Each structure stands twice: as structure tokens, then as C-alpha cells.
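Trainee: sequence and computational prediction follow.
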Amino acid sequence: MGTTTGKMKFFQQQYNTARSMRIFAKMEPGSVDYQWGLYDDIWTAPGIDLTVVGNCFGTGSGCSATQPPITLTWENWDSIDTWYYWNINSDATQGYGRDKQAAHQSHVQIYTDTGEYQTINKASAAKRIIRCDSAYYIYPDWPEGCVFLETIPRMMYSTAPDSPHKEVADHIYITQNNPDSTYPTSTTAKKFPGEYLMDYMAPGLHRIHKDFHLDELNANTSHKDAACTSTGDYSSTGLPLSLRPDTANGEECDEYPFRTTLEGAANPDWDFSVRAVNGSQNGSAGQTLMVYMRNHRILAWDDTLPADYNDRFYVQIVNF
């Protein structure tokens with residue numbers, strides 16, 4: 001009969017207070033073009049209905065969509081500059097592990113189903129993968145929420161001169177680029193996880209939390225303190241006296257990987273590094289890390305789940 005084209009826009013937003021996402025869709029006003037022939041371009045094609053609906057992909061996935069489909073004529077879609085939306089909800093009873101996490105695919109379907117015009121195969125915008133959880137410890141006011149799983153989770157520290165955590169960023173940069181220059185020293189080549197390489201399968205960092213991993217947190221602290229003072233197992237490989245923190249001048253002993261990660265100083269599978277840094281900058285870096293894990297809903301390690309089901313994140317060092 002003819003061809004009608006138009007440009008549709010979509011976006012999604014997450015919620016930090018509910019296991020829900022919201023999908024928005026609209027036609028870009030003035031983008032519709034009809035190629036049906038002179039008469040039908042004016043009298044037929046603009047009046048044909050187009051239906052748009054947000055939905056979950058697949059059945060039995062524990063997700064559901066609210067709000068009914070939106071049906072307008074092509075002419076109306078082309079002239080109304082309005083965002084229509086649908087909520088995608090996740091059922092906690094269908095989730096896995098301690099935090100009831102569940103992954104879903106959300107998308108927007110587009111079709112015609114009116115009168116003599118029927119869509120044989122519904123069109124679908126790209127499916128987006130979301131993860132919802134019920135992790136109460138993320139933040140008191142955010143006991144549930146969702147995130148996008150297709151992004152590689154990374155936090156950034158800056159080495160710029162005016163950076164509030166420059167010395168910590170410098171420390172991590174050294175671990176990523178000159179690992180064998182770090183302390184404590186090792187007889188084998190040192191390796192550190194967590195560098196952002198634009199690769200989701202690269203070795204990452206896994207969060208641990210005091211409510212579930214107090215022993216691991218304390219062990220990380222003990223190893224860090226021993227390395228900083230060259231005592232215990234680190235009496236011959238720890239931090240040289242000239243590089244130890246000058247506490248009288250506000251320095252502290254910084255460690256990487258972070259104390260709040262499974263890969264911290266006590267982990268036998270990874271190396272760690274300690275270094276004296278400005279105490280205020282160390283505090284700023286720690287606060288930045290906590291805010292990052294909160295805002296991006298980085299879940300704490302759950303050993304009842306397969307390793308690949310656990311969140312991991314990365315650190316990118318920038319100079320701006």
C-alpha cells in the first residue's frame with residue numbers, strides 16, 4: 001500500500017525506592033513522512049493508527065508492565081510533543097539470593113492493529129537489560145531499586161592538581177601501571193584487579209559489607225596495618241620507614257584494593273599496595289567510593305550465588 005516512516009525517541013529511568021523502571025516514548029514532531037502516492041499521502045496514511053506499548057520481554061520472568069498501550073493516528077503522533085510512559089515492575093518473590101535480585105529485559109513494541117491494516121510482525125525497540133534488588137543496606141531511604149546491567153560499572157578518581165583525592169588517585173594509578181613498584185614487595189610479578197579496561201569480563205572488584213563480611217573487613221585492615229608498619233608477615237616486605245605515614249602531619253596509610261572489597265589486602269589471590277597519603281584526601285576518596293556504591297546500587301558479595309551473579313565494579317583514573 002505504501003510506506004510511512006518517523007523517528008521515535010525512547011529513554012528509561014531507574015528508581016532507587018522501588019523495584020521499578022519507567023520507559024518513555026514519543027514521536028519526534030515533524031519527522032513523519034508518507035510515501036503512499038499523492039492521494040493516499042493526504043487522505044489515507046495520516047489517519048492510520050499506530051500503537052506503542054512498553055513491556056517486559058519473555059514470560060515467567062517476574063516482571064510486569066503497567067499502563068495500557070497508547071494508540072494515536074500517525075498524524076497525531078507527528079504533531080503531539082508528549083512523552084508517554086510505562087512502568088516495568090519486578091517481583092521480589094521471583095528474585096535470587098540474599099538481595100532478591102532479578103534481571104529483566106524491557107522494551108517498547110510498535111504496531112498497527114486497526115481496521116484493514118494489521119501488523120504481521122510487531123516492531124520492537126532494542127531490549128534493555130535491567131537488574132532490580134531489595135538490598136536494604138544500600139541506603140536507608142532506598143531499600144529497593146533497579147539499575148541498567150548493560151553499562152560497565154566504573155567509578156573515577158582524578159589525578160588533577162585540584163582533585164580532592166589526588167594522592168589516592170596517584171596511588172591507584174601506580175598499582176595499575178607500575179604494580180611491581182608498590183609495597184609490600186613480592187618475589188613474583190604483582191597483579192591488581194579492578195582497572196577499567198572497557199571489558200566487563202576483566203577482573204573486577206566485589207563489594208563487602210559489615211553486616212555480612214565483618215571478618216573479611218577486619219582481616220583486610222590487619223594486613224594493611226601490618227604492611228604499613230612492616231610488622232608480622234610484612235616485617236621484611238612492608239612499607240619502608242621513609243614512606244610510612246607522618247600522622248603528625250595528617251597523613252594516613254591508604255590501601256588498594258579497597259578495604260571494602262573482597263579483593264582487599266587479606267585476599268590470597270590478589271596483591272595489594274599501601275602508601276602514605278594526605279588524610280583529608282583519603283577521607284574524600286573513601287566518601288566518593290561510598291557514594292558511588294550507593295548511587296549505582298553495587299550489591300555486596302553473596303556467596304550463595306554463582307560468582308558471575310555478583311556485582312563487580314572498576315576504577316578509572318583520569319586527569320581532569
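Mentor: That came in fine, so what should we check first? Numbering: from 1, shown residues only.

Trainee: buried residues in stretch 47-62?
Mentor: 48, 49, 50, 51, 52, 53, 54, 55, 56, 62 (16 or more other CB atoms under 10 Å). In this view, the C-beta of every residue, glycine as well, is placed from N, C-alpha and C.

Trainee: what about the fifth one, which SS state?
Mentor: Using DSSP: H, G, I helix; E, B strand; the rest coil as the criterion, the local structure at residue 52 reads strand.

Trainee: list the contacts of it.
Mentor: 8, 25, 69, 70, 84, 108, 109, 110 (CB atoms under 8 Å, 6 or more residues apart in numbering).

Trainee: and of the buried residues of stretch 47-62, the nearest to residue 1?
Mentor: If you rank these by distance to residue 1 using CB to CB, residue 48 comes first, at 9.3 Å.

Trainee: can you give the distance of the helix or strand containing residue 102 from its chain's centre?
Mentor: Assessed by DSSP states H and E, residue 102 sits inside strand 102-111. Distance of strand 102-111 from its chain centroid, counting by CA atoms, centre = their mean, to the nearest Å, is 19 Å.

Trainee: surely residue 3 touches residue 32?
Mentor: No. Using CB atoms under 8 Å as the test, residue 3 is too far from residue 32 to be in contact (11.2 Å).

Trainee: out of the two, which sits in the busier spot?
Mentor: residue 32 (19 against 9; other CB atoms under 10 Å).

Trainee: I figured the more buried one hits residue 76, correct?
Mentor: No. With contacts counted by CB under 8 Å, residue 32 stays clear of residue 76, the gap being 10.1 Å.

Trainee: spit out the contact partners of the residue of the chain positioned farthest from its centre.
Mentor: Relative to the centre of the chain, the most outlying C-alpha is that of residue 39, 51.2 Å out, by CA atoms, centre = their mean. Counting by CB under 8 Å, 6+ apart, residue 39 makes contact with nothing.

Trainee: so it sits in a strand?
Mentor: No. Counting by three-state DSSP, residue 39 falls outside a strand, being helix.

Trainee: from residue 117, how far off is it?
Mentor: 17 Å (CB to CB, to the nearest Å).

Trainee: buried ones in the host helix or strand of residue 223, by neighbour count?
Mentor: Per DSSP H and E: residue 223 is located in helix 214-229. For helix 214-229, the neighbour count (16+ other CB under 10 Å) marks 216, 217, 219, 220, 223, 224, 225, 226, 227, 228, 229 as buried.

Trainee: tell me what it is packed against?
Mentor: With contacts taken as 3 or more CB pairs under 8 Å, 6 or more residues apart in numbering; DSSP states H and E, helix 214-229 sits against strand 251-256, strand 273-278.

Trainee: I'd like to know which of the ones you listed is closest to residue 160.
Mentor: Here strand 273-278 is closest among these (CB to CB), at 14.8 Å.
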